[in-house]
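**Q** the amino acid sequence is not available; the structure is as follows:
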Ligand SMILES: Cc1cc2nc3c(=O)[nH]c(=O)nc-3n(C[C@H](O)[C@H](O)[C@H](O)COP(=O)(O)OP(=O)(O)OC[C@H]3O[C@@H](n4cnc5c(N)ncnc54)[C@H](O)[C@@H]3O)c2cc1C
Ligand SMILES: Cc1cc2nc3c(=O)[nH]c(=O)nc-3n(C[C@H](O)[C@H](O)[C@H](O)COP(=O)(O)OP(=O)(O)OC[C@H]3O[C@@H](n4cnc5c(N)ncnc54)[C@H](O)[C@@H]3O)c2cc1C
């Protein structure tokens, strides 16, 4: 079997490309090294759909993000992922910063960012965002900026791609690629795949993949960003709050999430280890201090989690989206921020490249762009809920009490196309364990459900794939081993 | 939608819920217990160690044995209960909504509600340990459930952060299972659980207890490989140069319990600083006819205290139904109890002036241990000492109970606030205790 297209990497970029191409009559596969998709950079970032004015004009990331932002409107209608345009503020706290904001506004408007507005009226600013510091002198308001749940978007993309025929292979790390006779042989740790066209969307590892084909014209460095998350209801923000940006990042923001939490972060720290998603004491201090400049009264006691994400920073500082010298090999690398914002625009670019490569792009007759909205207990009225439980009893069995999630939602997450196979997979799809008790109550039950539905023993159920099992053995096994050892010795 | 009626709905079927229901039923009123687990008993069911019921039954029982005594009474009295049923909402007019997978959505109309939902464990995020987020981190109660109820071990060599009771009990439990408990790490200079557990669970098994240290880093990306612990100063900041690495394949967190009050908040009741509902001396919350007892009100050390409190909540609910239900009786003037020096919280938060002639049970927890102290109740308005009692020592792990009749103590009619302080005893020549 020779695929028309193989995509390496199941982050938001790989999955968005997969879904975009799934409308054509092509044989497509996606290879992901982790036990689940969306577990790389896509899992831990700010989840902001930027208005798009922030990057310099010389970079394609500016233009792709402005366009990408607009493409969210239709995608949201089709894919039903959590998304809301709540608008963002860039906050000036000194008069000297106002000029920067004015420049941003002008250039943004020229480049097609809608409705950018500079607001000086402090009363109006505080009315729009009461939590903001009293030091504010002006804000740049971008009403088209929004929030998205990056992993829920990615699961939606993958589900819809799979509905339209894309094959997903998880736990398939690509280790070697050969290119002969216009065919790529892609070797993973478990199997070999063949394809005509190969797309590299491997995030932090994109340079390694590119080098497998001898293309070493760029490098990727990890840059860490740490976050602290606050409990739902700990505070309420109306807007995404940015400080005045610096050269390396858009600064430490204070931001609501679509699930009612608030987070602060990220900082920006260049590191060398692409696996180092650990948080640090100094980093957590830094982001709290940064965040306090925007919102002085942070609900510090209500912090429920900290985490870190790694930006894939290319030495060119811009997205690398190339039809390379190896015919049929497309690099989609260095997709740092605002990559999430740009994903639909990036996928359009890949479409164009494939057309240039002569791939026949014929839209399938049975292409279905709609991924139905996952049904959520929380969205149902009491009457609807009652009806649902009568139809299917698993709606009435609550597994996660913090987030109020019934067994049905977990079963749906497991049995969806490209469904969950790990505890984290369940957690990121339908949220048990995301709440303030961090899974204290529901984890044993989620393990039980995974074990039952996927026919695994308890010890085989993992947090996120190989080597991350929760339980090591039955009680008494350790003691029995000791005794057996003793007997053998005698 | 299935509809039920009851005089009193009890949310939660742990020891608090059962004791309250029995009280209500014995007074001839209809009680209904709603419990989200598949059996009655609550947290007791996973506490298979002995040490329960010395006060209530005069014998040392395991948690499940203790629970069974109450379950038997509930059955004998034919008190109805719904299992596998989770309350999702209650309203100030005492309508309770719940779901289960047999009846679907359930609506119960009642005259009074008793909250007995228990507590949950605090977790790592709340204390923000930097590092990775690997597999192998459990709360102590979660580990207890896995080991005692599901029959699985979370690891072979473990570190326990926090010297709460559950953590210490699990240290012993896992040692019995052939696991190695490397250390119990406590950030405070003193143990946060009961002394009894320190002796019986740690010292008797030579498990190192490291005080004044905390976990400052978690190692291992996939599965936990170890932790860095560091000494802390009085502000709990890490002392540079004191780091120590301990290898382990699981970390248990026993860093405290916190009352679980999502439902209470959603209904519009107010909470106090301990995250329990604000109650008056009738254990009545800020919503009329809604009472609270057990760990949902305040985290208790001993189940017997829970049982006693729950019985009182039952009595108050009965009194409410017999005397105030359906009548337009405004709640009278109330005195606020304010935690002062070295007092973490105090219950009740409010005292009805009308009830001053009654005996009132006050419970409080101190913030830090102290010796030779005096507990003082002070009228804030006229700065008079209303009541004082000496105690040899106080520690945060032991709840202080004070039964008190304030009328006898001649409270001024103008009093609006009582400030409660735990302070060093004023120097006296002759000990008056
Ligand atoms: C701190 C931070 C904040 C950010 N904030 C925002 C924001 O607010 N708005 C915004 O628009 N963008 C933001 N971004 C950027 C955004 O997160 C990224 O652009 C986007 O997630 C990149 O997606 P990706 O699919 O390229 O990468 P990834 O999600 O990392 O996906 C790459 C995938 O490839 C897989 N892979 C790697 N090697 C192999 C191999 N050999 N074989 C098979 N599979 C492999 C990986 O496991 C991974 O799943 C932020 C980024 C960070 C780090
Ligand atoms: C691990 C541990 C060890 C202990 N060891 C000892 C000891 O050695 N000796 C001693 O005397 N005491 C001990 N205690 C203390 C004592 O046992 C407990 O404080 C007491 O059992 C708590 O009773 P409760 O009814 O308040 O809470 P719980 O037993 O927690 O009961 C609350 C119940 O409410 C239910 N519930 C919650 N929310 C809902 C909802 N929305 N709908 C329906 N039902 C709901 C829960 O499922 C639960 O069954 C220990 C406690 C713990 C946690």
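**A** The structure has been received and is ready for your questions. These numbers come from a predicted model, not from an experiment. Residues are numbered from 1 along each chain as shown, chains lettered A, B, ... in the order given. Ligands and ions are numbered 1, 2, ... in the order given.

**Q** how about low-confidence regions in the chain?
**A** All of this refers to chain A. A:247-249, A:489-490 (pLDDT under 70).

**Q** you looked at the wrong chain, it should be chain B
**A** B:124-128, B:331, B:408-409, B:427-433.

**Q** and the closest residue to ligand 2 within the stretch 101-250 of chain A, how far from residue A:257?
**A** Ranked by C-beta to the nearest ligand atom, the top residue of the stretch 101-250 of chain A for proximity to ligand 2 is residue A:232, at 16.7 Å. For glycine as for every other residue, the C-beta is placed from the backbone atoms N, C-alpha and C. Residue A:232 sits 9 Å away from residue A:257, taking C-beta to C-beta, to the nearest Å as the criterion.

**Q** cool, residue A:238 as well?
**A** In terms of C-beta to C-beta, residue A:238 sits 13 Å off from residue A:257.

**Q** quick one: the helices in the stretch 251-400 of chain B, in order.
**A** B:262-266, B:303-319 (DSSP state H, counting those that start in this stretch).

**Q** so what touches the longest one?
**A** With contacts defined as C-beta atoms under 8 Å, 6 or more residues apart in numbering or on different chains, helix B:303-319 is touched by B:8, B:14-24, B:27, B:29, B:44, B:52-56, B:63, B:66, B:112, B:114, B:116, B:282-284, B:289, B:291-295, B:297, B:300, B:361, B:399, B:401.

**Q** quick one: buried ones out of these?
**A** B:8, B:14-24, B:27, B:29, B:44, B:52-53, B:56, B:63, B:66, B:112, B:114, B:116, B:282-284, B:289, B:291-295, B:297, B:300, B:361, B:399 (16 or more other C-beta atoms under 10 Å in any protein chain shown).

**Q** give the contact list for the closest residue to residue B:167 other than its chain neighbours.
**A** Distances taken as C-beta to C-beta, 6 or more residues apart in numbering or on different chains put residue B:254 closest to residue B:167, at 2.5 Å, once the chain neighbours are dropped. The neighbours of residue B:254, taking C-beta under 8 Å, 6+ apart as the test, are B:121, B:139-140, B:160-168, B:170, B:193.

**Q** need the residues of the stretch 51-200 of chain A near chain B, please.
**A** Counting by C-beta under 8 Å from any C-beta of the partner chain, none of the residues of the stretch 51-200 of chain A come close to chain B.

**Q** pick out the residue of the stretch 51-200 of chain A closest to ligand 2.
**A** Counting by C-beta to the nearest ligand atom, the stretch 51-200 of chain A gets nearest ligand 2 through residue A:82, at 25.5 Å.

**Q** surely that residue touches residue A:149?
**A** Yes: assessed by C-beta atoms under 8 Å, residue A:82 is found in contact with residue A:149 at 4.3 Å.

**Q** related to what we said a few turns ago, okay, and which of the buried ones among the contacts of helix B:303-319 map to strands?
**A** B:8, B:52, B:112, B:114, B:291-292, B:361 (DSSP state E).

**Q** got JSON lines for these, with distance to ligand 2 too?
**A** Formatted as JSON lines, those follow (distance: C-beta to the nearest ligand atom, whole Å):
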{"residue": "B:8", "distance to ligand 2": "15"}
{"residue": "B:52", "distance to ligand 2": "5"}
{"residue": "B:112", "distance to ligand 2": "17"}
{"residue": "B:114", "distance to ligand 2": "11"}
{"residue": "B:291", "distance to ligand 2": "13"}
{"residue": "B:292", "distance to ligand 2": "10"}
{"residue": "B:361", "distance to ligand 2": "16"}
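
**Q** sweet, I'm off.
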